[in-house]
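Trainee: model this:
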Amino acid sequence: MELSARIVQHFQTSAQLKLEVAASLAEPIAQAAQLMVRSLVGEGKILACGNGGSAADAQHFAAELLNRFEMERPGLAAVALTTDSSTLTSIANDYSFDQIFSKQVRALGRAQDVLLAISTSGNSPNVSEAIAAAHEQGMSVVALTGRDGGRMAGQLREGDIHICVPASNTARIQEVHLLTLHCLCDGIDCLLLGAD
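Mentor: Okay, the predicted model is just below:
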């Protein structure tokens, strides 16, 4: 296949998946935005974590909240647990890589906070451990997954929200995850500031 045709195919399959899942994901995304706004208004914060591309998504989301998305507003409390190399390497070295997020959640998380746990497979051990730690702290969890939700789907409790992209291709799942994060940012801003 010619390279340009292959690229067009990527665009088409990405767009097709987004259109296919829009109706089923709209409600959990709206619920997640409402949950996050309740946390932020109640002086809570959003802690976000993931690995690889999902780590980048966690950082992207935290940056959009801390700085701004599309509307001018004061910064909102969000922390990406993926960014402090000294913390990450000390926990991984002294304990295990599986605990790099959970130890941070136990130290930083409070009952009014929300954990945004991102994993395309739903099976990342360190993200799964972060969910367990969030529950210990009395926090709510928004799980952003793909495929069938993996292990993380079974960990969620009443009051948690699962946004699962029912696809098997990691790149396509990540593309929907990014759109989902932008929808969350927009939803949070609309709920806090009002919007047309």
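Trainee: Just the CA atoms of the longest strand along the chain, as CSV, please.
Mentor: When the chain is scanned for its longest strand (criterion: DSSP state E), the result is strand 140-146. Extracted in CSV, the C-alpha atoms of strand 140-146 (Å, rounded to 0.1, in the frame of the first residue of the first chain):
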residue,chain,number,x,y,z
SER,A,140,-13.2,8.5,43.8
VAL,A,141,-11.6,7.1,40.6
VAL,A,142,-12.1,7.9,37.0
ALA,A,143,-10.7,5.0,35.0
LEU,A,144,-9.8,5.7,31.4
THR,A,145,-9.2,2.4,29.6
GLY,A,146,-9.6,0.5,26.4
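Trainee: Report the mean per-residue pLDDT for whatever helix or strand comes next after it.
Mentor: Using DSSP states H and E, the helix or strand that follows strand 140-146 towards the C-terminus is helix 150-155. For helix 150-155, mean pLDDT is 98.
Trainee: which strands and helices sit next to helix 150-155?
Mentor: Helices and strands touching helix 150-155, by 3 or more CB pairs under 8 Å, 6 or more residues apart in numbering; DSSP states H and E, are helix 125-136, strand 140-146, strand 161-165. For the C-beta atoms, the positions are set from N, CA and C on the backbone; glycine is no exception.
Trainee: Tell me which of these sits most buried.
Mentor: strand 140-146 (a mean of 26; mean count of other CB atoms under 10 Å).
Trainee: so what strands line up beside that one?
Mentor: According to DSSP bridges, strand 140-146 forms sheet pairs with strand 114-118 (parallel), strand 161-165 (parallel).
Trainee: longest helix of the chain?
Mentor: Of all the segments of type helix in the chain, defined by DSSP state H, the longest one is helix 3-41.
Trainee: what helices or strands is the next helix or strand after that helix leaning on?
Mentor: Sequence-wise, the next helix or strand downstream of helix 3-41 (DSSP H and E) is strand 46-49. Applying 3+ CB pairs under 8 Å, 6+ apart, we find strand 46-49 packed against helix 3-41, helix 53-66, strand 78-80, helix 102-108, strand 114-118, helix 125-136.
Trainee: cutoff 6 Å now
Mentor: With contacts taken as 3 or more CB pairs under 6 Å, 6 or more residues apart in numbering; DSSP states H and E, strand 46-49 sits against helix 53-66, strand 78-80, strand 114-118.
Trainee: Might you list the low-confidence residue ranges for the chain?
Mentor: 196 (pLDDT under 70).
Trainee: if you set the cut-off to 80 instead, what comes out?
Mentor: Regions of the chain meeting the criterion pLDDT under 80 cover residues 1, 195-196.
Trainee: Residue 29 - how many residues pack around it?
Mentor: 21 (other CB atoms under 10 Å).
Trainee: Am I right that it is in contact with residue 182?
Mentor: No - in terms of CB atoms under 6 Å, residue 29 does not count as a neighbour of residue 182; the distance is 10.1 Å.
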